[in-house]
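# Using only what follows, build the 3D model:
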Amino acid sequence: MNETHSTEPTSTASHKGDVGRFLATARREAGLTQKELASSVFVTESAVSKWERGLSYPDLATLGPLARALGVTEGELVSASADDRGRLDAQQARVHRRWRGALLWTTVGAYAVALVATFVTNLAVEHTLSWFWIVAAAVALAFSLTTLPLLVMGRRGWTTFAAALASLGLLLASIEALTSAGFLGIAGAAILFAVVVIWGPLALRSFGSGWLRTHSAMISVVVDAVALTLMLAVILGAVGQGRAFVEIALPLVAGGFGLAMVIVLVVRYLPLRGLHRAAIACLVGAGVAVFASPLVDVVLEGGPVVLAPVDLATWSDATVNGNVTALTAMAFIAAAVALVALSFVRRRPVDPAASDIVAV
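Residues are numbered from 1 along each chain as shown. Take a look at the predicted model:
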């Protein structure tokens, strides 16, 4: 007849002993006597003695004061083992909070001093506020880049970006208002173009619906083309070259936009395998290498399309550009052929007999 013995009482007693030994060790490391520890957690010295001898547990109400008195965590008391990782995480969290608080108050204080000093100085010298607004906008820009991220919890990156962009706009506007330099439109158009190109795709993926995210590449190309057109219109209009915008800038932007759309349509929408789409993109690259420069010359100078002469046996001033273009186009075509061949190799079915031979 088999006898079954319950291990629960033994396990409980063993854990009490572990807790007792952990308490005794922690108390000694804290430099406390049993009487001093008992006084700090409002229990009797006899209770502390029973804990350390493994005769009883501290009750739940005592865990918090006991942990603080011993310099350990409540989790360590319950598990009767040192949680080095937890202590390290807690220490790093405390260091981070102190660093964050110091940086926050230091920057806020510095910005406040700068604003007050420039405000008073501007009024004292000119009896009005003029260049103070430039300083205020610059401080706002610095605040948005250094201090604002410490205060914002959700969407910290986008909030910081929006605040920095608004502050930069105010800075440029205040400089323009004070100096009448006439650069605000050009600078604003350039900044808008950079923002659209860099942050536009990220904004579509972060805030757009499913349809917008699906077609984000095509939408980004369209928006980038519009932003580039606007920037060129503002810049050329400011320098009095409106005719150049119509005759040169618009055709070049239209050509670049068409090429970008072709690449996006090939890479993103053609129902082909990835290697085939890459091969088509290489063929487009070969066409660009051959015809881009002649087409730009047509837009700039007029006249028919003239390809550069090619003579790979002779590398003179007359043929070097054509030779380089020809070699570049041939490299693109060779890459396209290699990609197509690789796609057929991958699709070739494996011969079962050959597989068996390899397995043997």
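
# Show me what the lengthiest helix in the chain is packed up against.
Assignment by DSSP state H gives helix 84-126 as the longest helix of the chain. Counting by 3 or more C-beta pairs under 8 Å, 6 or more residues apart in numbering; DSSP states H and E, the packing neighbours recorded for helix 84-126 are helix 132-146, helix 148-151. The way it works is simple: take the backbone N, C-alpha and C, and place the C-beta from them, glycine included.

# residue closest to the middle of this structure?
residue 157 (8.0 Å; C-alpha atoms, centre = their mean).

# From residue 203, how far off is that residue?
11 Å (C-beta to C-beta, to the nearest Å).

# Show me which residues of the host helix or strand of residue 297 are buried.
Counting by DSSP states H and E, the element that carries residue 297 is helix 274-301. By 16 or more other C-beta atoms under 10 Å, the buried positions in helix 274-301 come out as 275-286, 288-291, 293.

# Helix or strand next in line after it, which one?
Downstream of helix 274-301, the first helix or strand assigned by DSSP H and E is helix 320-347.

# Tell me the buried residues in that following helix?
With burial defined by 16+ other C-beta under 10 Å, the residues of helix 320-347 counted as buried are 322-323, 325-326, 329, 332-333, 335-336, 339-340, 343.

# Tell me the one among those residues nearest to residue 122.
Closest to residue 122 out of the buried residues of helix 320-347 is residue 325 (59.7 Å), distances taken as C-beta to C-beta.

# That closest one contacts residue 294, doesn't it?
No - the criterion here is C-beta atoms under 8 Å, and residue 325 misses it with residue 294 at 9.5 Å.

# Could you tell me which residues touch both of these two?
Residues within reach of residue 325 and of residue 294 at once, by C-beta atoms under 8 Å, 6 or more residues apart in numbering, are residue 308.

# mind giving me the domain split of the protein?
Following automatic domain parsing, the chain resolves into domains at 8-82, 273-360.

# so where's the stretch 201-350 of the chain shaky on pLDDT?
348-350 (pLDDT under 70).

# Can you give me the distance of residue 150 to residue 92?
For residue 150, the distance to residue 92 (C-beta to C-beta) stands at 17 Å.

# Helix or strand: which one has residue 165?
Assigned by DSSP H and E, residue 165 belongs to helix 156-179.

# okay, the angle between that helix and helix 132-146?
Here the directions of helix 156-179 and helix 132-146 differ by 170 degrees (axes from the mean of the first three to the mean of the last three C-alpha atoms, to 10 degrees).

# Offset the numbering so it begins at 54, please.
OK, 54 is where the count begins now, so the last one is helix 209-232.

# which is the next helix or strand following helix 209-232?
Once helix 209-232 ends, the next helix or strand along the chain (criterion: DSSP H and E) is helix 237-260.

# how distant is that next one from the center of its chain?
Relative to its parent chain, helix 237-260 has a centroid offset of 16 Å by C-alpha atoms, centre = their mean, to the nearest Å.

# before we move on, what about stretch 337-347?
Relative to its parent chain, stretch 337-347 has a centroid offset of 34 Å by C-alpha atoms, centre = their mean.

# follow-up on the earlier one: tell me what the helix holding residue 350 is packed against?
helix 303-317, helix 373-400.

# packing partners for the shortest one?
Counting contacts by 3+ C-beta pairs under 8 Å, 6+ apart, helix 303-317 is packed against helix 269-291, helix 327-354.

# Mind putting these into a markdown table with distance to residue 154?
Below are the helices and strands packed on helix 303-317 laid out as a markdown table (distance: least, C-beta to C-beta, whole Å):
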| stretch | distance to residue 154 |
| --- | --- |
| helix 269-291 | 40 |
| helix 327-354 | 51 |
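
# which one of those helices lies closest to residue 98?
helix 269-291 (70.9 Å).

# If we go by neighbour counts, what in the closest one is buried?
Quick answer for helix 269-291 (16+ other C-beta under 10 Å): 269-270, 272-274, 276-278, 280-282, 284-289.

# which other helices and strands contact that helix?
Helix 269-291 packs on helix 237-260, helix 303-317, going by 3+ C-beta pairs under 8 Å, 6+ apart.

# Including distance to residue 123, could these go into a markdown table?
Output for those, formatted as a markdown table (distance: least, C-beta to C-beta, whole Å):
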| stretch | distance to residue 123 |
| --- | --- |
| helix 237-260 | 48 |
| helix 303-317 | 65 |
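
# Quick one, which of these gets closest to residue 367.
Nearest of these (C-beta to C-beta): helix 303-317, 31.3 Å.

# can you list contacts of that closest one?
Residues from elsewhere that reach helix 303-317 (C-beta under 8 Å, 6+ apart): 270-271, 274-275, 277-278, 281-282, 285, 334, 337, 341, 348-349, 352.
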